[in-house]
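> Task: produce atomic coordinates for the following.
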Amino acid sequence: MFPWHDIDTVLLDMDGTLLDLHFDNHFWLSLIPKALSEQRNISESAAMEWVEANYQKVDGTLDWYCLDYWEQQMGLDIMTLHKTLVEKIQLRQDSLPFLYALEKANKKRILVTNAHPKGLTLKLAHTDLALGLDAMISSHETGYPKEHPLFWQQLFERFDLDPSRCLFIDDNETILAAAKLAGVGHQLGVANPDSQKPNKLFSDFPAIDDYHQLLHELLKQV
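Here you go, the predicted structure:
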């Protein structure tokens, strides 16, 4: 699928790409509306309408991913609520085999996430994800989300990357397009980010639902 001899670095999204997105979907689309319903003494459907409208207002911006922003907007203790669901923070079953294969093939592995640092810390504490990474960056460190070209510019400079020799993997097609526009040489979608939902269809990028599909070609060069 990819010319692995032309790829030095694999840039990896976290939620939905290496971790099961079920945690985040359940948290933001189920637990949060329920908590708002109880807090404001409104129906869950009314709370869900508020949630959807306010998510849409900041979609694609850094605020959308910012736990501090949502704590202020909602008046909820977001991190305490996160901690009530830690059992749902799960690695995809194929993530570590893929990450270890990348190491064996001498590819640098960098986590590239829009996740807020507080959420990132929580997820690293409850999974073995860090064992399969060489470096990581949250977009909140740069002041720009992955949707913005200046995020990619800072990423390339920080890690001294040749973007043409990078592969970027994400479950969001909009962000894959942003990476391509920024000069990343190769892109790959993840069709099954949430283990509890049907596969997604990608229109502009190749996508897989199991990293094991990549291992044979990847390890042929070892």
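
> Please count neighbours and contacts with C-alpha atoms only from this point.
Will do.

> mind listing the strands in the protein by residue range?
Applying DSSP state E to the chain gives strands spanning 9-12, 108-113, 135-138, 166-170, 186-190, 207-208.

> Need the ones you listed in TSV (columns: mean neighbour count).
Shown next, in TSV, are the strands of the chain (neighbours: other CA atoms under 10 Å):
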stretch	mean neighbour count
strand 9-12	21
strand 108-113	20
strand 135-138	18
strand 166-170	24
strand 186-190	24
strand 207-208	18
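
> any low-confidence regions in this structure?
Judged against pLDDT under 70, the chain has no low-scoring part.

> now the strands of the chain in CSV, with distance to L29?
Converted to CSV, the strands of the chain look like this (distance: least, CA to CA, whole Å):
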stretch, distance to L29
strand 9-12, 24
strand 108-113, 20
strand 135-138, 23
strand 166-170, 21
strand 186-190, 21
strand 207-208, 25
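
> What is the neighbour count of P117?
18 (other CA atoms under 10 Å).

> wait, doesn't it sit right on I137?
No: the pair P117 and I137 does not pass the contact test of CA atoms under 8 Å, sitting 9.1 Å apart.

> how close does the residue of the chain most remote from its centre sit to P33?
Within the chain, the residue lying farthest from the chain centre (CA atoms, centre = their mean) is N41, at 33.0 Å. For N41, the distance to P33 equals 11 Å [CA to CA, to the nearest Å].

> leaving aside the residues next to it on the chain, what's closest to L96?
Distance criterion CA to CA, 6 or more residues apart in numbering; nearest residue to L96, sequence neighbours excluded, is G132 at 6.3 Å.

> for A46, same thing?
S37 (7.7 Å).

> burial measure for that neighbour, as a count.
Neighbour number of S37 under other CA under 10 Å is 17.

> pretty sure it contacts E44?
Yes: the pair S37 and E44 qualifies as a contact (CA under 8 Å) at a distance of 5.2 Å.

> and the residue nearest to A46, what does it touch?
Applying CA atoms under 8 Å, 6 or more residues apart in numbering, we find S37 in contact with S43, E44, A46, A47.
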